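**Q** Provided below for reference: sequence and predicted model.
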Amino acid sequence: MNKEETLNEINNELKTYINESSFISMKCRNKLLKMFADEFNINLDISTYKNVDLEVLEDFTISYRNNIYKPDNNITNLEEFINKYNLFKEKADTLIKKREIDFNNKSNINNISNLIIVLCLIIAFISIIILGIIALFSGHYYDCIWFIVVIAPWLFPKFKESFINRFIRAKNYLKRLLERIK
């Protein structure tokens, strides 16, 4: 590979690193840019800019937000630059892997909390029905009428829709979990 192709590949990788770190957070992106600046001994203006473009030019100077930065220790050939870039690349990979968002674990936590909420809703529903039946049989008709007229219409329309949605999600999660176990 010649020098131009290598620099194009490096510039594409830099854009990928910046996009991945920006997806994680602005703090991660700024940390990545600081790592790049430290590795190449340049003083980048790292602020919370919305768009950041970082590019290596043919003479191994760095173009950042249309400003040209020269490394403090002059890089004279491609091998020196690649060695420094590989050191940056290792640090960037560990940073991104450490900060990477894990959607699977987050979704498992959400599914487990959904199961707990479904169980709590079932327990609440059963206890409200038991309290209504106890009030009816113990002769507290006003409490039973109050339950039927005030509490039931207020609770059950919201309860039914929420419970059905949560129950379906919990059922699907348990099916997926049982399939993974088998």
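**A** Looks like it arrived, so ask away.

**Q** I figured Leu115 hits Ala170, correct?
**A** Yes - distance between Leu115 and Ala170: 5.0 Å, which falls inside the contact criterion (CB atoms under 8 Å). No exception for glycine: its C-beta is placed from N, CA and C like everyone else's.

**Q** show me where this protein has helices.
**A** Secondary structure of the chain, counting by DSSP state H: helices at 3-24, 26-40, 78-99, 103-137, 141-146, 152-181.

**Q** pLDDT score assigned to the residue in the chain sticking out farthest from the centre?
**A** Note on the chain: the largest separation between a C-alpha and the mean C-alpha position, by CA atoms, centre = their mean, falls on Gly139 (55.3 Å). Note on Gly139: pLDDT of 83.

**Q** how close does Ser21 get to Phe60?
**A** 23 Å (CB to CB, to the nearest Å).

**Q** between the two, who's got more neighbours?
**A** Ser21 (24 against 19; other CB atoms under 10 Å).

**Q** How about the contacts made by the more buried one?
**A** Applying CB atoms under 8 Å, 6 or more residues apart in numbering to Ser21 gives the contacts 28-29, 31-32, 92, 95-96, 99.

**Q** 10 Å - rerun?
**A** Counting by CB atoms under 10 Å, 6 or more residues apart in numbering, Ser21 makes contact with 27-33, 35, 52, 92, 95-96, 99-100.

**Q** Same list (the helices of the chain) but as TSV, adding distance to Tyr69.
**A** Formatted as TSV, the helices of the chain follow (distance: least, CB to CB, whole Å):
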stretch	distance to Tyr69
helix 3-24	14
helix 26-40	8
helix 78-99	14
helix 103-137	36
helix 141-146	75
helix 152-181	50
